[in-house]
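1. no letters, just coordinates:
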Ligand SMILES: O=C(O)CCC(=O)C(=O)O
Ligand SMILES: [Fe+2]
């Protein structure tokens, strides 16, 4: 059973509310070195109350009886490809190395059409169809803001689309895409019995353009692979939020109440984690870095109720790079929410028209404008290849895990 190494990653924190070339450069630097960045959740982000609402819906859904969840299973015909509920051990993010699927449940929500979900929603989510759709759209808007900054930093010429180049390739009004909003639930170790074969989410890199990840304070587990090995990614890099949950660690920290774990303290909101996916890395000839990550079980505390490390004071400033506390209070359950942003299905993955990408390709001995030898894939072809490996039988085939030796 893979458990936390206890070392924290250094991940920069960037304010993307400005579209200045300085901000764009900071973002490009972070994306081309570590591949992970925190963005401040300010007016350019997503209201903390909306994030909290999604966590509340997530808890309500995963707490439903199995029969309710089965009705919207990813295996049902109605749900459609890559949509619906994934039960424990269904997904295998590192098929080349895992003997058992991930120790988690998930619910994948695909793109809406005309403000309606294109899949059956379970009863706890039905009354919130509009709210979920609005959250999906807010996530997409934030991704487009980030992609716009990448286009600026990559110096895409105005004749080719300029700062709007990525947005045009991610415009839902122009066609379908593989974008997915995913609720994730990693059940407590106390109530289940993971063994040596278990991992919460196997080592992998994401498939799409960029991913937004929402975590809750006090629910650690995400780790990224760096040149120094695995490093933990805190939910709360500045340590400004009290760890959520009741004293016995059984709470998931999303209840309404005294403000603990609610995602906004003193007007500040938790930053949002952003990482580069494989497709964007491929599209930029590897300039943007898709970093391998995983989710592990929390390390048991030395004694019940004991935090493993002292938390920094709430006044700690968050200037980049953020040196996070090694571990937050290990909790029972872990809930997270990911938004996987993908280009339009028919987007062709010819190199992004950037002089920086062309230069990189030339340095690698290739003409930067040349198509890959087997002809350009579309974004949908790229995604389908990855999904086939993930949902295939455990231990068979070549999966994303093959790439995990490539540390940052
Ligand atoms: O739950 C997390 O923290 C990360 C999940 C993840 O990496 C994924 O689903 O791709
Ligand atoms: Fe991931």
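-> Okay, I see it. These figures come from a predicted structure and were not determined experimentally. Ligands and ions are numbered 1, 2, ... in the order given.
2. run through the bridge partners of whichever residue of the stretch 101-250 of the chain sits closest to ligand 1.
-> Checking the stretch 101-250 of the chain residue by residue against ligand 1 with C-beta to the nearest ligand atom singles out residue 222 as nearest, at 4.0 Å. C-betas here are computed from N, CA, C, even on glycine. As for beta bridges, residue 222 partners with residue 295 under DSSP bridges.
3. who's in contact with it?
-> 213, 215, 232, 233, 273, 293, 294, 295, 336 (C-beta atoms under 8 Å, 6 or more residues apart in numbering).
4. any idea what the third one is bridged to?
-> Beta-bridge pairing for residue 232 (DSSP bridges): residue 8, residue 223.
5. any idea of the pLDDT on it?
-> In this prediction, residue 232 carries a pLDDT score of 95.
6. count of residues packed around it?
-> Neighbour count of residue 232, defined by other C-beta atoms under 10 Å: 23.
7. my read: it touches residue 220, true?
-> Yes. If you go by C-beta atoms under 8 Å, residue 232 and residue 220 touch, sitting 6.2 Å apart.
8. now residue 279: which helix or strand?
-> For residue 279, the host element (DSSP states H and E) is helix 278-283.
9. report whether that helix contacts ligand 1.
-> No. When contact is scored as C-beta under 6 Å from any ligand atom, no part of helix 278-283 falls within range of ligand 1; the minimum is 11.3 Å.
10. tell me what that helix is packed against?
-> Contacting helix 278-283 under the criterion 3 or more C-beta pairs under 8 Å, 6 or more residues apart in numbering; DSSP states H and E are the following elements: helix 379-391.
11. tell me what the helix it packs on is packed against?
-> Applying 3+ C-beta pairs under 8 Å, 6+ apart, one finds that helix 379-391 contacts helix 278-283.
12. report the distance from the helix it packs on to the chain centre.
-> Here helix 278-283 is found 15 Å from its chain centre; the criterion is C-alpha atoms, centre = their mean, to the nearest Å.
13. contacts for it, please.
-> Outside helix 278-283, the residues that touch it by C-beta under 8 Å, 6+ apart are 205-210, 287-290, 342-343, 349, 351-352, 379, 382-383, 386, 400.
14. can you tell me the closest non-neighbouring residue to the closest residue to ligand 1 within the chain?
-> Ranked by C-beta to the nearest ligand atom, the top residue of the chain for proximity to ligand 1 is residue 336, at 3.5 Å. Of all residues not flanking residue 336 in the chain, residue 184 sits nearest, at 4.6 Å (C-beta to C-beta, 6 or more residues apart in numbering).
15. where does the one you found land on pLDDT?
-> You'll see residue 184 listed with a pLDDT of 98.
16. which of the three states applies to it?
-> strand (DSSP: H, G, I helix; E, B strand; the rest coil).
17. next one: the closest residue to residue 187 other than its chain neighbours from residue 104, what distance?
-> When the adjacent residues along the chain are set aside, residue 187 lies closest to residue 333, with 5.9 Å between them (C-beta to C-beta, 6+ apart). Plainly put, residue 333 is 10 Å away from residue 104 if you go by C-beta to C-beta, to the nearest Å.
18. repeat that for residue 158.
-> Relative to residue 104, residue 158 is positioned 44 Å away (criterion: C-beta to C-beta).
19. more crowded one of these two?
-> Comparing residue 158 with residue 104 by neighbour count (other C-beta under 10 Å), the higher total belongs to residue 104, at 25 against 9.
20. flag the shaky bits of the stretch 51-200 of the chain, pLDDT-wise.
-> Counting by pLDDT under 70, the ranges of the stretch 51-200 of the chain that qualify are 191.
21. perfect, that will be all.
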